[in-house]
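In: Fold the following and give me the result.
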Amino acid sequence: MLVAAGCSSDSGSGDDAAKAKESASPTAKQSATASANEVKAAAYGKLPEACTVLSKKTLENLVPEGTKSGKAINDGQPDISGDCRWISLDNKGVKGSQYRWLSVSLLLLESDASRGAGDERARAQFEKRLSEAQAVEGAKNVKSESVTGTGDQATVVRYDLKKKEGSFKQQTVVARVENVVFTLDYNGAGLAGEKTPDADDLVKGAKAAAQQVVAAIVAANGEESGAGSSASPSKSEGGEPSASASASASPSKKS
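Out: Presented below is the predicted three-dimensional model:
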């Protein structure tokens with residue numbers, strides 16, 4: 001009898017322990033799941049209006065005949081995406097014309113439990129846009145170089161593009177500022193026998209504009225440019241900040 005009682009007592013104790021462990025499991029699993037779903041909050045929560053990111057002086061330098069021509073390319077989502085383009089044509093009749101196209105495309109990536117942190121998503125989008133800029137159909141003499149002092153990541157892609165209207169010099173700056181990615185396209189051509197613009201001058205202008213876009217993104221989120229953020233723009237060689245443009249404005253898609 002004593003032996004039987006002892007066995008019964010031991011068995012009950014084991015069952016109680018197992019039940020206690022089982023009852024604790026769901027809470028532990030829920031805690032682990034919640035921890036796994038936590039993502040770092042995104043640094044930025046809104047975007048500036050795309051058509052306002054460049055100063056009048058910058059537009060006068062890059063698109064002298066199209067300073068007031070800023071126009072949204074597509075319908076964007078407020079604070080999530082937006083783009084703008086400017087077109088300049090200095091028409092000298094039979095003596096030829098100088099053509100310039102400038103566009104900026106902005107995209108904010110929010111932090112999301114299922115898709116990840118905003119800055120990580122922005123890194124992936126940066127690589128995607130850069131790959132697209134480097135693989136434009138018909139592009140010749142493609143060159144890429146990193147751009148310093150412009151957000152967290154920035155690369156300029158430059159190439160030549162032959163079209164029926166003339167020879168175009170294309171510059172595309174792809175940049176990331178925390179969880180915001182933007183693309184700036186700037187191209188130029190000499191039409192009807194006019195001289196082809198100097199590509200180095202166009203690249204310098206595109207880089208300066210990209211820095212100004214960075215400053216606009218930072219300011220839109222209530223921060224002073226240069227105030228302790230990795231997104232803070234530095235001055236370009238000419239002292240002008242600058243901007244960035246859109247893959248949808250790729251010269252392969254323009255007339």
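
In: Bridged to the nearest residue to N74 once chain neighbours are set aside, which residues?
Out: Among residues not flanking N74 along the chain, D83 sits closest, at 6.1 Å (Cβ to Cβ, 6 or more residues apart in numbering). C-beta here means a position set from N, CA and C on the backbone, and glycine is covered the same way. Beta-bridge partners for D83, by DSSP bridges, are S105.

In: residues near D83, how many?
Out: Using other Cβ atoms under 10 Å, D83 is surrounded by 25 other residues.

In: my read: it touches I73, true?
Out: Yes - between D83 and I73 there is a contact at 4.6 Å, judged by Cβ atoms under 8 Å.

In: separation between A216 and D90?
Out: Using Cβ to Cβ, to the nearest Å, we find A216 at a distance of 27 Å from D90.

In: Same drill for those two, tell me which one is more crowded.
Out: A216 (25 against 15).

In: Where does the more buried one sit, in terms of helix or strand?
Out: helix 199-220 (DSSP states H and E).

In: name the helices or strands packed onto that helix?
Out: Where contact means 3 or more Cβ pairs under 8 Å, 6 or more residues apart in numbering; DSSP states H and E, helix 199-220 is packed against helix 56-62, strand 97-108, strand 153-163, strand 166-177, strand 180-191.

In: can you list the ones you listed in a markdown table and add mean pLDDT and mean neighbour count?
Out: Shown next, in a markdown table, are those (pLDDT from 0 to 100; neighbours: other Cβ atoms under 10 Å):
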| stretch | mean pLDDT | mean neighbour count |
| --- | --- | --- |
| helix 56-62 | 96 | 17 |
| strand 97-108 | 95 | 25 |
| strand 153-163 | 95 | 20 |
| strand 166-177 | 94 | 26 |
| strand 180-191 | 95 | 27 |
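
In: Any idea which of the ones you listed gets closest to A50?
Out: strand 97-108 (5.5 Å; Cβ to Cβ).

In: elements contacting the closest one?
Out: Checked by 3+ Cβ pairs under 8 Å, 6+ apart, strand 97-108 has helix 56-62, strand 81-91, strand 180-191, helix 199-220 packed alongside it.

In: Noted, bye for now.
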